[in-house]
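1. Here is the input, now give the coordinates:
(chains A, B, C and D)
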2 protein chains.
Amino acid sequence: MAEITIKYLAQKLNLAPSTVSRALNDSHEISDATKMKVLALAEELNFQPNPYARSLREQKSKTIGVIIPERINNFFSQVIDGMESVTRAYGYHLLVYNSNEDTEQEKNILSLLIGGRVDAIVMSISRFDQKSDHIDKLKKRNTPVVFFDRISTNFPTTKFITNDYEVGYQGTVHLIEKGCKKILFLMLSNENSNGIERLRGFKDALKKKNITFEANWVIECSHSDEKNIALLESIFYKLDRPDGVLASVEKLALATYRALSRTHIKIPEQVRVVSFSNMKIADLLHPPLTTISQPAYEIGEECAKLLIKKLTKKNQPDLEDKIVTIPSVFTERESSK
Amino acid sequence: MAEITIKYLAQKLNLAPSTVSRALNDSHEISDATKMKVLALAEELNFQPNPYARSLREQKSKTIGVIIPERINNFFSQVIDGMESVTRAYGYHLLVYNSNEDTEQEKNILSLLIGGRVDAIVMSISRFDQKSDHIDKLKKRNTPVVFFDRISTNFPTTKFITNDYEVGYQGTVHLIEKGCKKILFLMLSNENSNGIERLRGFKDALKKKNITFEANWVIECSHSDEKNIALLESIFYKLDRPDGVLASVEKLALATYRALSRTHIKIPEQVRVVSFSNMKIADLLHPPLTTISQPAYEIGEECAKLLIKKLTKKNQPDLEDKIVTIPSVFTERESSK
DNA sequence: TTGTAGGCGTTATCAT
DNA sequence: ATGATAACGCCTACAA
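-> Numbers count the residues shown, from 1 in each chain, chains lettered A, B, ... in the order given. You can find the predicted model right below:
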């Protein structure tokens, strides 16, 4: 760890440590002359104050803990990029953890953080329907917490999500207006809050457009690509096959592409596809995929801004218990032309 | 931050803080009886030692700084996942920063870290040919540093890369043996060390197979997908078009797919494609893409293991100045059948 | 304007 | 087996 300390600088300059400290912090009660001297030496020796001594003294770490359920996922990467863009400007650091969609790991990570290692936590929880005892513990400590995307509904704090319902509705209406009459809604079996809202939008759109919803239009997929592809192939192989697909998760749109390719069914001529996705290369697929993408970077920025405000300003009230919705972006491409 | 301290526990139990500390650290010079008592209360009150007090005292942070040039990139996500899998097992934390391919930012991040905030640094530098003054500063402090993928050749430490040359060679031989006679090598214009090695492998493979290399087979692409696609379209539109493509970067393979799709040229019948890529969905493309993928997770694990060893064992020598090569994996799929 | 002293929470050293 | 004390590096009352 570091070697050059305030004490050392003080000694070199024949000053008291407190004077050096004040000079470094640009206190008004230090003469310009000594300020210069101190700053010059600090610069020369590349002095960096020991962050842990400072944290201990000030009772804050200038660090924010981030817990995501998955790292290999553009959405979460973009969110963190958004957060980092604001936290770094304020001298805050990001400790990032991957819970691997596992409540147990989530719990462990949380227990690492409540010791004061971080001043605040941003998280997207690993499962929707979990018991949230471990999250509730956070309430006792007064570490501010913010949720995004996969939110804990019970825990009273600010949560950032996107307008899943509306955009599910919008995507469905789009498919119907392009002529689709039998639309599949693809979702993962252990679906979370987002998927449920999206499905609600889907159903309401059908109703609005006077299309009778049938239960078997909702396809619960697994986490295995191969299985999903096989399942979809079998569905599309039938004569009365669907003519539209709304995929609530990116990987299911890709499975659809593969299945349709194998069965030689054309997109969008025979089946139109719309998917929730934050994939950068949606427009490089064949055909380019119509997407509903979440404002990931912006969600990250908002989470960070809120916490920075809470942490840096005096007398901030507790984070409001509310849900903030940031709209997703619908981008029409050839897959639903 | 935290409220429950060792001192508080000591007071509750009518013990000295030092005794409590020793009990918590399972010292052999504490009676089982008091150990029990202490542990029980600590458990009950959910005591977590203040990490910053400990860091200050022990002169180590149990934190490793990670600097990557880009977050929205499966390769780096996988690397970090690999690192986290080992660091967490040893109680180490990861502070992650994105330099956004910008040397200036990289410099700033580095200066944040040398204050003792981290016990070690893992980084993949933002550019190949940069002046590395800011990195050299690390030498003065004795913070261990490890590089991976985009390495600083001058800085004496252990570096982890993959066998770019060999696998570039292998991919090219594969294309030739499938019948390709005119193969394009696609690379980004501001290429880094990896790309150069891959190109070397490409050229040597041609020579070995008695195919005369022509300078215009190397296509320098830009960072704009649209431009790249247009460029490739123009190349493939000609009569004497190439019959093979080796893309040194994933995005260029995707541009190739798009260009070939637009010009109605079939993969692999008319053009075979092989690409360096860590994309999870290579097998869901149309057609599935033959890839050379870097052992990202493993690279992360190795970086972390090395540092953990250096940090946790006594009397470790400086990190050896050497390059460790972990082989990439060649996966043949339909795009080069 | 500058110096002195104490303490943030922990652990190691030296007593008892 | 346990207690008292000092120190890690920093900042902030309080003193001068």
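2. for A:E3, what are its contacts?
-> Residues near A:E3 by CB atoms under 8 Å, 6 or more residues apart in numbering or on different chains: B:R141. For the C-beta atoms, the positions are set from N, CA and C on the backbone; glycine is no exception.
3. Confirm that it lies within a helix, as I assumed.
-> No: assessed with DSSP: H, G, I helix; E, B strand; the rest coil, A:E3 is coil; it does not lie in a helix.
4. quick one: it and B:N315, what's the gap?
-> Here A:E3 is placed at a distance of 19 Å from B:N315 (CB to CB, to the nearest Å).
5. what do you get for A:A296?
-> Taken as CB to CB, the span from A:A296 to B:N315 is 46 Å.
6. And these two? Which one has more around it.
-> Using other CB atoms under 10 Å in any protein chain shown, the more surrounded residue of A:A296 and B:N315 is A:A296, with 25 against 4.
7. Once you drop chain neighbours, what's closest to that one?
-> A:Q78 (3.4 Å; CB to CB, 6 or more residues apart in numbering or on different chains).
8. which of the residues in the helix or strand that contains that neighbour are buried?
-> Taking DSSP states H and E as the criterion, A:Q78 maps to helix A:74-87. Neighbour-count burial for helix A:74-87 flags A:74-84, A:86-87 (criterion: 16 or more other CB atoms under 10 Å in any protein chain shown).
9. nearest to B:E104, of those?
-> For those, the residue nearest B:E104 by CB to CB is A:E84; the value is 15.3 Å.
10. Next up, the contacts around that closest one.
-> Going by CB under 8 Å, 6+ apart, A:E84 touches A:94, A:300, A:304, B:97-98.
11. at 6 Å instead, please
-> A:94, B:98 (CB atoms under 6 Å, 6 or more residues apart in numbering or on different chains).
12. before we move on, what about A:S336?
-> A:178, A:268, A:272, A:274, A:290.
13. The third one: how many residues sit nearby?
-> When neighbours are counted by other CB under 10 Å, A:R272 registers 24.
14. And for the second one?
-> Neighbours of A:P268 under the rule other CB under 10 Å: 21.
15. Tell me how far the nearest residue to A:C221 once chain neighbours are set aside lies from A:I109.
-> Of all residues not flanking A:C221 in the chain, A:N228 sits nearest, at 4.5 Å (CB to CB, 6+ apart). According to CB to CB, A:N228 stands 30 Å off from A:I109.
16. Point me to the helix or strand that includes the nearest residue to A:L284 once chain neighbours are set aside.
-> Take A:L284 and drop its neighbours on the chain: the residue closest to it by CB to CB, 6+ apart is B:L254, 4.3 Å away. Counting by DSSP H and E, the element that carries B:L254 is helix B:250-262.
17. any idea of the angle the following helix or strand past that helix forms with helix B:74-87?
-> Next along the chain after helix B:250-262, taking DSSP H and E as the criterion, comes strand B:272-276. If you take axes from the mean of the first three to the mean of the last three CA atoms, to 10 degrees, strand B:272-276 sits at 40 degrees to helix B:74-87.
18. right, and the helix or strand after strand B:272-276?
-> Next element after strand B:272-276 (DSSP H and E): strand B:290-293.
19. quick one: average pLDDT of that following strand?
-> Throughout strand B:290-293, pLDDT has a mean value of 97.
20. And for the following helix or strand past it, what's in contact with it?
-> On the C-terminal side of strand B:290-293, the closest following helix or strand by DSSP H and E is helix B:296-312. For helix B:296-312, contacts defined as CB under 6 Å, 6+ apart pick out B:75, B:78-79, B:81-83, B:86-87, B:90, B:119-120, B:122, B:144, B:146, B:148, B:160, B:278, B:316, B:326.
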